[in-house]
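Colleague: got a predicted structure here, sequence first:
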Amino acid sequence: MRKLKHVAIAGNIGAGKTTLTELLSKHYGWQVQYEDTTLNPYLSDFYDDMHRWSFNLQIYFLSSRYQQILHIRAGEETVIQDRTIYEDANIFAPNLHEMNLMSSRDFANYSELFRIMSSQVEAPDLLIYLRSSIPKLVHHIHVRGRDYEGNMSLDYIKRLNERYEEWISGYKEGNLLIIQNDNLDFKNNPEDLGLIIEKVDAEIHGLF
């Protein structure tokens, strides 16, 4: 029987990806691969000057997530990943290019690198998408109070959300579970977390 190796959580900034990653990891005993924000050398600079640092940031994330996937597939344990390699290429980089915050030359370079890397790795066995409305995202961003997110505009968040919905509607790389997050508080309400676990259980049983 094929072993479940790779589960990934996708969603916009403030959707609750890291929280759900931690909770599911604890429940199932999965290892975790977090998005690298605390050690990322470009993130703070990016939010101060998006045009200058957009390409650097996206290349860093692409490299980091590519290495994570190689590590996951080479290992023996089940790993849950906070954000996927697909989100950078389908949401963040195109959005930066559209907003004239990444040059066409840099975007073409990035896109070719993604094409090569993504052709060499497998999609997650299960992708969980946290769907959240703009008010919920803004509330979460405000509550967690990360300094580097203080300059983020509402328009930027809206643009990302539109791209997320467009991407997820055409996602064909693997198995997909969509969680409507607006009326859930899985961090503080065990019943809400239980509802998500039931859905994840059903998907896992369907896979194997």
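Modeller: Yep, that arrived.

Colleague: closest to the centroid, which residue in this protein?
Modeller: Per Cα atoms, centre = their mean, the C-alpha nearest to the average position across the chain is that of R83, at 2.3 Å.

Colleague: is the residue lying closest to that residue once chain neighbours are set aside in a helix, a strand, or coil?
Modeller: Closest residue to R83 apart from its sequence neighbours, by Cβ to Cβ, 6 or more residues apart in numbering: E35 at 4.6 Å. Where C-beta positions appear, they are placed from N, C-alpha and C, glycine not excepted. With DSSP: H, G, I helix; E, B strand; the rest coil as the basis, E35 sits in coil.

Colleague: look up phi and psi at the residue nearest to the centre of the chain.
Modeller: Note on R83: its backbone torsions stand at phi 80, psi 150 [degrees, to the nearest 10].

Colleague: against I9, how distant is it?
Modeller: Here the criterion is Cβ to Cβ, to the nearest Å. By it, R83 lies 7 Å from I9.

Colleague: need the overlap of contacts for the two.
Modeller: By Cβ atoms under 8 Å, 6 or more residues apart in numbering, R83 and I9 have these common neighbours: K17.

Colleague: can you show me the CA trace of the lowest-mean-pLDDT helix or strand in the chain as PDB?
Modeller: Every helix and strand of the chain was ranked by mean pLDDT, DSSP states H and E. The lowest is helix 134-144, at a mean of 81. Taking C-alpha atoms only, helix 134-144 is exported to PDB below (Å, rounded to 0.1, in the frame of the first residue of the first chain):
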ATOM      1  CA  ILE A 134     -11.200  39.400   3.200                       C
ATOM      2  CA  PRO A 135     -12.600  40.500   6.700                       C
ATOM      3  CA  LYS A 136     -11.400  37.200   8.300                       C
ATOM      4  CA  LEU A 137      -7.900  37.600   6.700                       C
ATOM      5  CA  VAL A 138      -7.600  41.200   7.800                       C
ATOM      6  CA  HIS A 139      -8.700  40.300  11.300                       C
ATOM      7  CA  HIS A 140      -6.100  37.600  11.600                       C
ATOM      8  CA  ILE A 141      -3.300  39.700  10.200                       C
ATOM      9  CA  HIS A 142      -4.200  42.500  12.700                       C
ATOM     10  CA  VAL A 143      -4.400  40.100  15.700                       C
ATOM     11  CA  ARG A 144      -1.000  38.500  15.100                       C
END
